[in-house]
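*Asks:* From the sequence below, what's the structure:
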Amino acid sequence: MLSPNLTIHPGDQLDHFQLESIVATSGMATVFRAIDLNSNQQVAIKVPHPEMESDPVMFDRFQREEDIGTRMDHPGVMKVLANPNRSQVYIVMEWVPGRLLRQILNEEKKLPVARAVHLSIAILDALEYIHQHGVAHRDLKPENIMVDRLPAEQGGEEVIHLIDFGIAANAGSRRLTFANFSQSMGTPDYISPEQVRGKRGDARSDIYALGVMLYEMLTGRVPFTGPNPFAVMNDRLLNQPVPPRQLDPTITPQMQEILYRALERDPRNRYASAADFAHDLRNQESVGLAPRVAEAAWEKRQSPILRHALFYAALALLPVLVFFLLYIVSRHH
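*Replies:* Okay, here's the model as predicted:
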């Protein structure tokens with residue numbers, strides 16, 4: 001769907017890039033497939049909408065995405081190409097073939113365990129790279145994972161690319177929280193509990209998000225649900241996910257334990273690194289099982305509505321209680 005403020009269109013030439021088609025659009029930017037007329041190579045061009053250029057927060061986000069992308073050099077991370085001589089603000093990125101993980105999940109719902117594990121390890125390898133370079137993605141979700149398959153002569157296995165570093169954080173950069181980008185982050189299904197609380201996301205937030213994605217790949221559903229984004233976020237803060245083995249008994253106890261470790265509400269209790277997470281996926285037979293309160297208590301659902309109702313009921317009863325106490329005191333005098 002075209003943005004109503006889109007000022008350039010397929011067929012236009014932007015500097016030495018010929019725009020061919022729109023491949024993605026959002027409230028903030030449009031991504032075009034394009035040809036670099038100097039090299040004849042296919043690239044992706046991300047152009048912010050005009051109203052975003054005048055927003056200093058969004059402009060900072062755009063610059064940060066370009067800065068991070070030009071510094072990353074890993075086969076699982078989409079590269080941003082240097083382009084200093086521009087007539088306007090835009091980002092030039094390598095063209096990444098394939099399909100979004102979201103498209104795959106929409107079509108297939110659940111993935112075979114081996115495929116889900118393979119994709120997760122590939123994502124974790126890319127995450128370990130960016131984390132080691134002081135960058136946390138902070139918006140990891142199937143919409144930001146591109147999946148492609150290598151040619152048969154190269155092994156034919158699936159490979160991934162992390163894309164969209166718009167709200168990624170450099171270590172030491174100024175604090176940008178979920179609250180600042182509530183409109184731009186999209187679905188809340190993959191946001192970590194600490195981000196829901198308005199805290200700064202970090203590498204452990206990425207681990208949580210991948211835990212949600214692996215849960216979804218194995219069970220066909222996300223661990224926390226609700227009728228609206230706020231209900232989903234509250235469900236994550238108040239309740240435990242349905243044990244994966246309840247949804248699919250073929251999931252091993254070791255795999256369930258791995259998911260629990262990735263989905264710990266307190267980031268201090270999650271995997272310490274993407275490498276640790278990947279190690280357990282590669283060596284599932286050696287994963288020890290811990291007694292889990294979550295497994296026994298997941299059916300005890302709490303609701304913020306009920307909690308608020310009880311609070312207001314208590315407030316309403318307070319005058320009655322005070323009157324009753326005064327009455328008792330007066331009877332004894």
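
*Asks:* which stretches of the stretch 51-200 of the chain have low pLDDT?
*Replies:* 167-187 (pLDDT under 70).

*Asks:* can you map out the helices along it?
*Replies:* Applying DSSP state H, counting those that start in this stretch to the stretch 51-200 of the chain gives helices spanning 56-71, 101-108, 113-132, 193-196.

*Asks:* Residue 165 is nearest to which of the ones you listed?
*Replies:* Closest to residue 165 of those is helix 56-71 (CB to CB; 4.7 Å). Where you see a C-beta, it was placed from the backbone N, CA and C, and this is true even at glycine.

*Asks:* Can you give me the buried ones in that closest one?
*Replies:* 58, 61-62, 64-66, 68-69 (16 or more other CB atoms under 10 Å).

*Asks:* Then stretch 254-270?
*Replies:* For stretch 254-270, by 16+ other CB under 10 Å, it's 254-265, 267, 270.

*Asks:* Can you measure across it, start residue to end residue?
*Replies:* Stretch 254-270 stretches 15 Å from its first residue to its last (CA to CA, to the nearest Å).

*Asks:* just stretch 49-56 next, same as before
*Replies:* Start-to-end span of stretch 49-56 (CA to CA) is 13 Å.

*Asks:* got the domain boundaries for this protein?
*Replies:* Domain ranges of the chain: 13-94, 99-302, per automatic domain parsing.

*Asks:* I'd like those domains as JSON lines, with distance to residue 7 appended.
*Replies:* Putting these into JSON lines (distance: least, CB to CB, whole Å) gives the following:
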{"stretch": "domain 13-94", "distance to residue 7": "6"}
{"stretch": "domain 99-302", "distance to residue 7": "20"}
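
*Asks:* quick one, strands of the stretch 1-150 of the chain?
*Replies:* Ranges of strands in the stretch 1-150 of the chain, per DSSP state E, counting those that start in this stretch, are 13-14, 17-25, 29-36, 41-48, 80-81, 91-94, 99-100, 135-136, 145-149.

*Asks:* The nearest residue to residue 189 once chain neighbours are set aside and residue 278: what is the separation?
*Replies:* Once flanking residues are discounted, residue 189 sits nearest to residue 222: 4.6 Å by CB to CB, 6 or more residues apart in numbering. Look at residue 222 and residue 278: by CB to CB, to the nearest Å, they are 22 Å apart.
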